[in-house]
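Peer 1: Structure of the sequence below:
(2 chains)
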Amino acid sequence: MIGASLAGMAAVQSIRASGHDGPIVVVDPAGSLPHDRPPLTKQVLAGQWPLERAAQPAAARLDELDLDLRLGVAATGLNADRRSVSLSDGSELEASALVLATGSHARTLPTGSGHGGPGGGDGSAALPSGAFTLRTGADCVALLERLEAEPARVVVIGAGFIGGEVAATCAGRGLTVSMLEAAPVPLQRVLPGGVGGFVTELHRRNGVDVRLGVSIEALNLNGDGSVRGVALGDGSNLEAEVVVIGVGAAPTVDWLADSGLTLLEPHRGGGILCDETLLAHPGVVAAGDVAAWPNPHFGGELMRVEHWENAVDAGTHAGRRALAELGGRDASGGGEAAEATVGAFSSVPWFWSDQFDSKIQMVGRCGPEDEPVVVAGDLTGDRFVVLFRRGDLCTAALGLNRPRQVMQARMRMAESLDWDGVAALF
Amino acid sequence: MVEGMKIVIDYDLCEANAICMGIAPEVFEVREDDNLYILQEEPAEELRPKMEEAVRRCPKQAISIEG
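Peer 2: Residues are numbered from 1 along each chain as shown, chains lettered A, B, ... in the order given. All right, here's what the predicted structure looks like:
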């Protein structure tokens, strides 16, 4: 098991729940079991929960899971044919079956900021004091400490879900917040038709200074190297003692170069190419943020999903799939019998984001050409539901403060994406 | 005899977010009146992981498990 975060631990739990009592080695570069992430941008950052309360559900079950848990050790390379993994402590691990669940890391600013380096940065680039990404419990605690010192202004770069949650939590703490977005509308990649404009309205209603179509030239630094603000593309400067960079995440797959696995290029969504059962290679399964797989529920559309729930569901599936590989290898029948017992991973992605007192929930996955149809409320109000239509299909449903309707749409979409069936709910 | 678990909702806290309904629609249902209804007060043991998840996920911490 490579990765002890949500997907990896879900896989471990499903393997144990299936009755397998063989040895399971779990490797993760974090020094302790990674935290459950949703509260990190909200309850913990708001100061309402201690970090410990954001422990993964599996943390309480470690004893009964009976794992060889190797924390603080990173996987640095893989030979898929041999199912052998090189580890950062210099050792080599060979397994009968492998589950890859290394998750994502936060992106930092692209080239031109002076801090991303050529090719656009990722979380490995060191950030100056006062600049943060938010991905881990340690990130959260470091940022929280700075927020408790009541900075005069917080700048959040990126109006996506992480950026929006951080901006909302900071504003909720009574801080002055500016949220900068490069695109003319928030969530442009996720929501076609400019629907993401509701995020702008929501944040402005709650006192956040939202600026759209803004490019970042560089972080301005003080003499001691700490952040003084942000230099914008129009030549102006925005003073800020704290800058939070929420420009998305990238799947942690660099270590898999030359592994024998197929890695998708970023413009195809990135990640490890798997079959519909999440198998990436004989004996090698992937789950969570890193896995790209043809989702049968969407006609085999290649998907890579970074949501909390997908990590749990795909992890659970991947555990069973890995076990089937184990059985397939031990038995004379090979992998085919295993595939018959663990089928395709069919999923309707779902996630939520809490910002201020509002609940954003989305089901499904829409494409850039899908047509938004408002079926309840209106986009400028504080409650609405939008469906996204592609021909005869409803590919997604988005709700603001409409949890019951979103859940109903979700359950209907899990049966069928047929447009008429989903639209009939409203 | 093994006692099962019982799902208890603190209706003073519940805001009917329907998160629980997404996790386990066989147990939790948010109806037209925007209220949460429990379909099985004592769900089968194999639902325990889902129930624990629902407890954790509830944004208002309104769900608890007895037993």
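
Peer 1: Could you find the closest non-adjacent residue to A:L263?
Peer 2: Once its chain neighbours are removed from consideration, A:L263 has its nearest residue in A:V253; the separation is 5.5 Å (Cβ to Cβ, 6 or more residues apart in numbering or on different chains). Where C-beta positions appear, they are placed from N, C-alpha and C, glycine not excepted.

Peer 1: er, A:P151 actually
Peer 2: When the adjacent residues along the chain are set aside, A:P151 lies closest to A:E241, with 3.7 Å between them (Cβ to Cβ, 6+ apart).

Peer 1: Report how many residues lie close to that neighbour.
Peer 2: Other residues near A:E241 number 19, with proximity taken as other Cβ atoms under 10 Å in any protein chain shown.

Peer 1: Return the residues of chain B in contact with chain A.
Peer 2: Within chain B, the positions adjacent to chain A are B:16-19, B:21-22, B:25, B:30-32, B:34, B:49, B:52-53, B:56, B:59 by Cβ under 8 Å from any Cβ of the partner chain.

Peer 1: Mark which of those residues are part of helices, please.
Peer 2: Within those, residues falling in helices by DSSP state H are B:I19, B:M21, B:G22, B:P49, B:E52, B:E53, B:R56.

Peer 1: quick one on the thing from earlier: I'd say the residue nearest to A:L263 and A:P266 touch.
Peer 2: No - A:V253 is not in contact with A:P266 according to Cβ atoms under 8 Å; the separation is 10.4 Å.

Peer 1: Next up, phi/psi of A:E52, please.
Peer 2: Main-chain dihedrals, A:E52, degrees, to the nearest 10: phi -60, psi -30.

Peer 1: if we can go back for a sec, for A:V253 and A:P266, indicate the residue with more neighbours.
Peer 2: Between A:V253 and A:P266, counted using other Cβ under 10 Å, the more crowded position is A:V253 (21 against 11).

Peer 1: tell me the contacts of the residue of chain B found nearest chain A?
Peer 2: Distances between chain B and chain A by Cβ to the nearest Cβ are smallest at B:A18, namely 3.7 Å. B:A18 is in contact with A:P403, A:R404, A:V406, A:M407, B:F28, B:V30, B:L36, counting by Cβ atoms under 8 Å, 6 or more residues apart in numbering or on different chains.

Peer 1: Show me which residues of chain A sit near chain B.
Peer 2: Contact residues (Cβ under 8 Å from any Cβ) of chain A with chain B: A:13, A:36, A:57, A:309, A:312, A:350, A:352, A:354, A:359, A:403-404, A:406-407, A:410-411.

Peer 1: And the furthest pair within these?
Peer 2: For those, the maximum inter-member distance is 29.7 Å, found between A:Q13 and A:R404 (Cβ to Cβ).

Peer 1: about what we covered before: mind checking which of the residues of chain A next to chain B are in helices?
Peer 2: Among these, the members falling in helices (DSSP H) are A:Q13, A:E309, A:V312, A:P403, A:R404, A:V406, A:M407, A:R410, A:M411.

Peer 1: The first one reaches A:A58, doesn't it?
Peer 2: Put plainly, it is A:Q13. Yes - with contacts defined as Cβ under 8 Å, A:Q13 counts as touching A:A58 at a distance of 6.1 Å.

Peer 1: strands paired with the helix or strand hosting A:L387, and their directions?
Peer 2: For A:L387, the enclosing helix or strand under DSSP states H and E is strand A:384-390. Paired strands of strand A:384-390, with direction, are strand A:371-377 (antiparallel), strand A:393-400 (antiparallel) (DSSP bridges).

Peer 1: For the ones you listed, state which one has the densest average packing.
Peer 2: strand A:393-400 (a mean of 26; mean count of other Cβ atoms under 10 Å in any protein chain shown).

Peer 1: For that one, the averaged confidence score.
Peer 2: Strand A:393-400 comes out with an average pLDDT of 97.

Peer 1: and what of stretch A:349-362?
Peer 2: 91.

Peer 1: What is the distance between that stretch and the centre of its chain?
Peer 2: Taking Cα atoms, centre = their mean, to the nearest Å, one finds stretch A:349-362 lying 14 Å from the centre of the chain it belongs to.

Peer 1: Only the buried residues of it, if you could.
Peer 2: Going by neighbour count (16 or more other Cβ atoms under 10 Å in any protein chain shown), the buried part of stretch A:349-362 is A:349-356, A:358-362.

Peer 1: Low-confidence stretches in the chain?
Peer 2: The chain I'm using is chain A. Using pLDDT under 70 as the threshold, the predicted model of chain A has low-confidence ranges A:110-125, A:328-340.

Peer 1: To clarify, I was referring to chain B.
Peer 2: When residues are selected by pLDDT under 70, those of chain B lie in B:1-3, B:59.

Peer 1: mind running it again at 80?
Peer 2: B:1-3, B:12-13, B:15-17, B:32-34, B:56-57, B:59-61 (pLDDT under 80).

Peer 1: Run through the residues that contact the residue of the stretch 201-350 of chain A found nearest chain B.
Peer 2: Residue nearest to chain B within the stretch 201-350 of chain A (Cβ to the nearest Cβ): A:W350, separated by 6.4 Å. Listed by Cβ under 8 Å, 6+ apart, the contact set of A:W350 reads A:H307, A:E309, A:Q361, A:M362, A:V363, A:G364, A:R410, B:G22.

Peer 1: That one pairs with what?
Peer 2: Under the criterion DSSP bridges, A:W350 forms beta bridges with A:V363.

Peer 1: Which among the contacts of B:A18 count as buried?
Peer 2: When the contacts of B:A18 are checked for burial by 16+ other Cβ under 10 Å, the buried set is A:P403, A:R404, A:V406, A:M407, B:F28, B:V30, B:L36.

Peer 1: closest to A:L62 among those?
Peer 2: B:F28 (28.1 Å).

Peer 1: was I right about the closest one contacting B:L36?
Peer 2: Yes - counting by Cβ under 8 Å, B:L36 is a contact partner of B:F28 at 6.3 Å.

Peer 1: Mind listing the shared neighbours of those two?
Peer 2: Going by Cβ under 8 Å, 6+ apart, residues that sit against B:F28 and also against B:L36 are B:A18, B:C20, B:M21.

Peer 1: residues contacting the residue nearest to A:D89 when sequence neighbours are not counted?
Peer 2: Once its chain neighbours are removed from consideration, A:D89 has its nearest residue in A:V73; the separation is 5.3 Å (Cβ to Cβ, 6+ apart). Shown here is A:V73, whose contacts under the criterion Cβ under 8 Å, 6+ apart are A:V27, A:D28, A:P29, A:L87, A:S88, A:D89.
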